[in-house]
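Novice: Generate coordinates for the sequence data below:
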Amino acid sequence: MQVNENVSLKWDNMLKGIQSQGNYVRTQARELLADWSKTLDGHELPSRIYLVGCGDSYFCGVGSELAFKQWSGLDCRAMEALEFSRYEVDYANEGSWVVAVSNSGRVARTVECVTRSKARGHKTFGVSYNPEGRLAEEALGTVLFKYEDTGFGPGTISYTASITAQYVLAAYLAQRTNKNSTDELIAKIEQFGTLLDTAVEHTFNSAFELGKQATEASDIVIIGGGPNYATSLFGMAKQIESAHHNTTAQELEEWAHEQYFCTKAGILTIVIAPPGASVDRAREQLQAI
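Specialist: Predicted structure coming up:
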């Protein structure tokens, strides 16, 4: 895809971030677990967990929400920060936890989720890269993730760090609810790191070739269901940030009710379809495309 040459993006930095994700997950999961244990031991379990954030930090909640339900049995809901702070916070269950994610620790609406939740008696916890941001100052406790800064470019490692922190939190809570073994779940998370490396290796050349076929005028739609809807949202965001291309993300089933009617030759539709509950529907959508 051709991009605006006046935009000084460091493509090598972006690639470094992509290639570092697998190692991050393998090496940081247990450190994150220790931090969550230190932060949360002694607190009563929540009636509901809200995962809030903006942009990538919201997407990681969409991607990890199901893990909380499956692993710990606790009610969990991912929400965009404004939707929570201006609307849902007034009706949140008593005893809720609000887990707010911001890489910079300075996103106004995300910090607002914490301050408004505190005023209503909810427990608030932050996930951030920045120990000195307002999020860390306002939250009851904050878990900090650490990664090597790969330099200026559309970020990917920060998203991986955020979603890993949330998956580790789900694993921690699984032990607290006696529903699953935290040790076994952390080992599973660490295995995700190897899968990430494999995915990058096996898709790099085909993705590169696909990018060369696309143009600024190409319509691009990315679709996925369940946790993979988060992947489509994240993919959309990276296209916008890197190529300034107005890519569309859509939920797997909703595509059939909207974009299907606009799909024609020249439109690139990417279907996120790993093994899982919606892979059969993904195959049907591919046939429709």
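Novice: Distance-wise, check Gly153 relative to Ser128.
Specialist: Noted for Gly153: a distance of 20 Å to Ser128, by Cβ to Cβ, to the nearest Å. In short, each C-beta sits where N, CA and C put it, glycine included.
Novice: A helix includes Ala78, no?
Specialist: No. Counting by DSSP: H, G, I helix; E, B strand; the rest coil, Ala78 is not part of a helix but strand.
Novice: thinking Leu252 is in contact with Glu284, fair?
Specialist: No. Using Cβ atoms under 8 Å, Leu252 makes no contact with Glu284, being 9.7 Å away.
Novice: Looking at the two, which one has more neighbours?
Specialist: Each of Leu252 and Glu284 has its neighbours counted (other Cβ atoms under 10 Å); Leu252 has more, 22 against 13.
Novice: biggest helix in the chain, by residue count?
Specialist: helix 182-213 (DSSP state H).
Novice: Is Tyr58 within a helix or a strand, and which one?
Specialist: Using DSSP states H and E, Tyr58 sits in helix 56-67.
Novice: same question, Gly121
Specialist: Going by DSSP H and E, Gly121 is not part of any helix or strand.
Novice: Now do the nearest residue to Ala81 once chain neighbours are set aside against Thr247, distance only.
Specialist: Distances taken as Cβ to Cβ, 6 or more residues apart in numbering put Arg109 closest to Ala81, at 3.9 Å, once the chain neighbours are dropped. The spacing between Arg109 and Thr247, counted by Cβ to Cβ, is 23 Å.
Novice: do Ser218 as well
Specialist: With Cβ to Cβ as the criterion, Ser218 and Thr247 are 9 Å apart.
Novice: between those two, which one's more packed in?
Specialist: Comparing Ser218 with Thr247 by other Cβ under 10 Å, the one with more neighbours is Thr247, at 20 against 13.
Novice: I'd say that one and Ile220 touch.
Specialist: Yes. Counting by Cβ under 8 Å, Ile220 is a contact partner of Thr247 at 4.4 Å.
Novice: so what sits against both of the two?
Specialist: Gln239 (Cβ atoms under 8 Å, 6 or more residues apart in numbering).
Novice: quick one: the strands in this structure?
Specialist: 49-53, 76-80, 97-102, 123-128, 141-144, 220-224, 248-251, 268-271 (DSSP state E).
Novice: just checking, Gln285 touches Ile222?
Specialist: No. Contact between Gln285 and Ile222 fails when scored by Cβ under 8 Å: they sit 11.9 Å apart.
Novice: So if I had to pick from the two, which one is more boxed in?
Specialist: More neighbours surround Ile222 than the other of Gln285 and Ile222, with 24 against 21 (other Cβ under 10 Å).
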